[in-house]
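Participant: Quick one, structure for this:
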Amino acid sequence: MPPVPGLTSDFSITSGWRHWLNYVAPAGAALCLTRKPKASRVHPRLATILIIALAAAVHALHVTAALAADAPAQIEAVWPDGTRQLAATIDRWTDDGRSAAIGGRTLFSGPALVRTIRNLSIPHRSAEGPFVEFIQGDVFPGRAIGCAVVENSAGGSVLLVRPGDLVDLPGAQPRDSVRIRSEWVRRLVWTHPARAIFQPGTAFGRDGNRLAFERLRIQPDGIRLLTESKVVTVGWDELEELHFPQADWWELHAHETAALSPDLQVPLVRITAATGMRVTTSLARFRVWNHSMQPASDDSLQLVQPAWSEDVLCLRRAGIRQYVVSPACEVPLSAIEPSGCNHRPIFSRIMACWSRDRSATGGPLVSGGGEFAWGLGTCGEHALEFPLSPAATKLTTSFGLDRAAGLGGCARGRVECVPERGATGLPAVLAETEILTGTARDPASIRVELPTGAAARRLRLVADSVNAGGDSHSDLFDIRDFCDWLEPVIELKREAWTASVAAVLLASDPSLADWTIDGTQGREWRPVTWFDAASRPYPTFRRSWMLPGFPVTMQRKLKVPSSGPVNWIVRMRRTGAAGGACRLDVVVNGREIAKFPLAEIIDEQRQAPIAINLSAFAGRDVQIGLRLVPLAGATQVVWDGAEFERHTNPKR
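Facilitator: A predicted model of the protein is given here:
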């Protein structure tokens with residue numbers, strides 16, 4: 001182990017603590033050091049004291065273990081087969097979580113991964129403004145305060161959001177804002193409470209006025225809105241809420257999958273915190289960071305990085321209420337933005353809104369005596385329509401009356417497949433439940449095959465109030481018909497969804513938006529995530545490529561400036577995690593002009609960027625190629641982008 005600056009050779013630090021100390025040491029945190037034993041004899045009295053101290057430490061460990069065994073169970077784990085385990089804590093949860101277990105059963109490794117983990121001691125809570133809400137259902141508490149200047153316009157705008165929760169690494173340099181990509185945003189909320197109804201393409205001012213717009217552009221000094229007749233600029237402090245125009249949900253989900261699980265082999269993880277924060281990541285962007293020799297949830301952090309965040313988020317494990325783990329080919333229906341919503345109230349007019357991952361009354365989804373991890377809450381006489389991907393094959397869900405219905409409530413659930421707007425044909429009923437009365441009744445299970453064909457690409461969930469057929473306690477009409485669609489999942493055909501993700505793989509990375517890569521993905525190169533623990537000022541998750549040993553060429557068109565600096569800076573290096581040396585060959589208009597070795601990253605050391613002199617092509621449009629040539633078997637490469645020196649390239 002390399003020496004730690006400022007320490008004599010008498011001291012050493014446990015290797016597992018080294019990265020943590022690198023972060024906290026600059027902040028003046030105390031370091032726990034152990035002195036290396038010298039060759040000289042130990043005084044007998046000192047030896048006795050050490051033995052007594054060791055015995056006391058062992059006794060303390062036994063006492064701690066006994067207390068943990070007697071502690072009340074507050075962690076519930078549920079597997080896909082319905083198996084449940086209760087425990088006071090999660091054992092051996094370190095690093096990537098492969099060893100984490102409850103009752104001896106591993107959570108994130110083995111033939112069957114856990115489905116949900118819930119901290120029963122943390123109550124359900126919805127996020128309160130200000131916050132950023134994302135199209136796929138994530139919520140980040142915080143206030144949008146500005147926009148970062150981004151050289152790569154192809155990637156969209158980057159919002160600066162001041163966090164409302166603690167998301168920094170203790171001891172590291174605090175961050176005033178987190179960078180968030182605007183293409184993922186559904187709405188920005190600056191005030192409390194937030195509006196219940198989402199109105200796409202609408203700006204709500206603090207003066208009570210509202211403005212419909214078609215497009216927007218986010219700038220450091222404000223937001224420019226394009227309406228039917230004019231362009232309006234509003235300041236960051238003039239808005240209550242900004243609802244973005246409707247986006248193509250499935251296209252964005254393909255981008256999300258490309259960032260989090262590009263080969264569809266890594267499960268996605270949806271995390272809900274005690275404050276109502278919701279983030280979607282994957283097991284590849286999922287690390288536990290402990291700052292204790294015997295870590296508990298109180299001194300452990302969950303490091304994650306959603307697709308919409310440019311920065312890693314450090315969440316307190318003690319403040320996380322729920323984890324939901326799902327294969328990349330399964331999509332929780334509650335994450336999908338409905339394309340239609342129709343409520344035909346009789347007495348429930350004031351509850352015309354649907355709710356994501358909570359009941360219509362705002363509480364957790366509880367039906368039949370059990371709580372469910374995700375779903376949709378509505379009232380009776382409410383229909384929701386969802387767009388379907390061509391890869392969608394099955395729907396699995398349950399329909400039940402929420403506990404808010406008490407002994408009342410009488411409803412039936414129905415699943416329909418609806419033709420696209422403009423297409424001929426009537427809705428086809430795929431499934432219909434029996435009549436349910438009272439919340440104590442077990443929810444009705446539904447599993448249906450989804451029809452294929454371009455004309456049947458919308459799914460409709462209908463909660464019907466029933467006036468006849470209930471028991472003596474049930475209400476008439478839609479009184480107390482609080483209905484829950486419980487843990488609905490859309491299953492995707494792997495081959496079709498793999499093709500959809502591969503089609504947007506490069507576009508999902510702003511630094512690769514203008515590039516093409518020769519070679520077959522999965523054979524000549526494979527995208528993976530690499531956890532860079534030595535990155536400063538924060539550890540981060542980086543996109544990287546595994547090269548099994550075949551040369552791979554990436555190409556793009558480039559406009560070389562006619563004046564000024566013409567050095568093109570390429571930020572590419574090897575991770576060192578996969579061995580093999582690699583060479584970078586530079587080709588311009590079909591002619592090789594330079595060769596560079598790709599150096600390996602070792603701890604905090606960083607290879608200087610590669611500078612390519614393009615002065616011979618000043619003022620010209622060129623086709624530039626970067627050819628990666630593995631020299632000793634498989635290697636792993638990190639690409640951080642390329643740009644002209646001092647950013648003089650107008651197109652980047």
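
Participant: Could you use CA atoms for every contact and neighbour count after this?
Facilitator: Fine.

Participant: D248: neighbouring residues, count only.
Facilitator: 11 (other Cα atoms under 10 Å).

Participant: tell me the pLDDT at it?
Facilitator: On pLDDT, D248 comes in at 94.

Participant: what's the answer for the one 3 residues further on, then?
Facilitator: At E251 the predicted local confidence, pLDDT, stands at 95.

Participant: Check the secondary structure at it for me.
Facilitator: When classified by DSSP: H, G, I helix; E, B strand; the rest coil, E251 comes out as helix.

Participant: Equivalent analysis for the one 5 residues further on, please.
Facilitator: For E256, the secondary structure call by three-state DSSP comes out as helix.

Participant: give me the number of residues near the nearest residue to it once chain neighbours are set aside?
Facilitator: Taking Cα to Cα, 6 or more residues apart in numbering, and ignoring the residues beside it in sequence, E256 has A307 as its nearest neighbour in space, at 5.8 Å. A307: 24 surrounding residues under other Cα under 10 Å.

Participant: now A307: how far from R125?
Facilitator: 24 Å (Cα to Cα, to the nearest Å).

Participant: In the stretch 501-650 of the chain, where is pLDDT below threshold?
Facilitator: 577-579, 601-607, 646-650 (pLDDT under 70).

Participant: repeat that with 80
Facilitator: 565, 576-579, 600-608, 646-650 (pLDDT under 80).

Participant: What segments of it are strands?
Facilitator: For the stretch 501-650 of the chain, the strands defined by DSSP state E, counting those that start in this stretch occupy 516-517, 526-532, 540-547, 552-559, 567-574, 582-588, 591-597, 610-613, 621-630, 635-644.

Participant: Parallel or antiparallel, list what pairs with the fourth one.
Facilitator: Sheet partners assigned to strand 552-559 using DSSP bridges are listed as strand 516-517 (antiparallel), strand 621-630 (antiparallel).

Participant: Over to the second one?
Facilitator: The pairing partners recorded for strand 526-532 under DSSP bridges are strand 540-547 (antiparallel).

Participant: Taking strand 582-588 as reference, get the angle to the strand it pairs with.
Facilitator: 80 degrees (axes from the mean of the first three to the mean of the last three Cα atoms, to 10 degrees).

Participant: and strand 540-547, C-alpha only, in CSV?
Facilitator: The C-alpha atoms that make up strand 540-547 are tabulated as CSV, following Å, rounded to 0.1, in the frame of the first residue of the first chain:
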residue,chain,number,x,y,z
THR,A,540,-18.6,8.2,-9.7
PHE,A,541,-20.0,5.6,-12.0
ARG,A,542,-18.5,5.8,-15.5
ARG,A,543,-19.6,4.3,-18.8
SER,A,544,-16.9,2.0,-20.2
TRP,A,545,-16.4,-0.6,-22.9
MET,A,546,-15.2,-4.1,-22.6
LEU,A,547,-13.1,-5.0,-25.6
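
Participant: sorry, back to before: for the residue nearest to E256, give me its contacts.
Facilitator: Counting by Cα atoms under 8 Å, 6 or more residues apart in numbering, A307 touches E256, A259, L260, T280, T281.

Participant: I'd like the strands of the stretch 501-650 of the chain as TSV, with mean neighbour count appended.
Facilitator: TSV is the format used below for the strands of the stretch 501-650 of the chain (neighbours: other Cα atoms under 10 Å):
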stretch	mean neighbour count
strand 516-517	16
strand 526-532	19
strand 540-547	20
strand 552-559	16
strand 567-574	20
strand 582-588	20
strand 591-597	14
strand 610-613	17
strand 621-630	19
strand 635-644	20
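
Participant: So, low pLDDT: which residues of the stretch 101-250 of the chain?
Facilitator: 149-156.

Participant: Helices of that one, start to end?
Facilitator: With helices called from DSSP state H, counting those that start in this stretch, the stretch 101-250 of the chain shows them at 249-260.

Participant: and stretch 587-595, how far out from the chain's middle?
Facilitator: 39 Å (Cα atoms, centre = their mean, to the nearest Å).

Participant: Between the two ends of it, how far is it?
Facilitator: Termini of stretch 587-595 sit 9 Å apart (Cα to Cα).

Participant: same deal with stretch 86-93?
Facilitator: 16 Å.

Participant: how far out from the middle of the chain is it?
Facilitator: So, by Cα atoms, centre = their mean, the centroid of stretch 86-93 is 24 Å from its chain's centroid.

Participant: R412 is in contact with N467, isn't it?
Facilitator: No. The pair R412 / N467 is not scored as a contact, 10.6 Å apart, by Cα atoms under 8 Å.

Participant: With neighbour numbers in mind, choose between these two.
Facilitator: The neighbour comparison of R412 against N467 (other Cα under 10 Å) goes to R412, with 23 against 14.

Participant: is the more buried one in a bridge, and if so with what?
Facilitator: Bridge pairing for R412 - DSSP bridges - gives D464.

Participant: so how far is R460 from it?
Facilitator: 14 Å.

Participant: ditto for P597
Facilitator: P597 is 56 Å from R460, by Cα to Cα.

Participant: D357 now?
Facilitator: For D357, the distance to R460 - Cα to Cα - is 18 Å.

Participant: Looking at those two, which is more packed in?
Facilitator: D357 (25 against 22).

Participant: quick one, what contacts the more buried one?
Facilitator: Contacts of D357 by Cα under 8 Å, 6+ apart are S334, P364, L365, A373, W374, G375, L376, G377.

Participant: So the fifth one sits against E487, correct?
Facilitator: Right, W374. Yes. Contact criterion Cα under 8 Å: W374 and E487 qualify, at 5.1 Å.

Participant: any residues in contact with both of those two?
Facilitator: P332.

Participant: Can you pick out the residue with more neighbours from these two?
Facilitator: W374 (23 against 19).

Participant: Tell me the spacing between the nearest residue to the more buried one once chain neighbours are set aside and V324.
Facilitator: Of all residues not flanking W374 in the chain, D357 sits nearest, at 4.6 Å (Cα to Cα, 6+ apart). To V324, D357 is 12 Å away according to Cα to Cα.

Participant: Need the overlap of contacts for these two.
Facilitator: By Cα under 8 Å, 6+ apart, the residues touching both D357 and V324 are A373.

Participant: What separation do you get for E600 and R574?
Facilitator: In terms of Cα to Cα, E600 sits 5 Å off from R574.

Participant: could you pull out the helices for the stretch 301-450 of the chain?
Facilitator: So, for the stretch 301-450 of the chain - with DSSP H, counting those that start in this stretch - there are no helices.

Participant: Name the spans of the stretch 301-450 of the chain whose pLDDT lies under the cut-off.
Facilitator: For the stretch 301-450 of the chain, the ranges with pLDDT under 80 are 345-352, 420-426, 438-440.

Participant: would you list every one of the strands in it?
Facilitator: 313-316, 320-326, 330-332, 340-343, 355-356, 366-367, 370-371, 375-379, 382-387, 392-401, 410-418, 428-432, 436-437, 444-449.

Participant: would you list those strands in CSV and tack on distance to G142?
Facilitator: Output for these, formatted as CSV (distance: least, Cα to Cα, whole Å):
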stretch, distance to G142
strand 313-316, 13
strand 320-326, 17
strand 330-332, 25
strand 340-343, 28
strand 355-356, 20
strand 366-367, 29
strand 370-371, 28
strand 375-379, 25
strand 382-387, 29
strand 392-401, 33
strand 410-418, 37
strand 428-432, 41
strand 436-437, 41
strand 444-449, 38
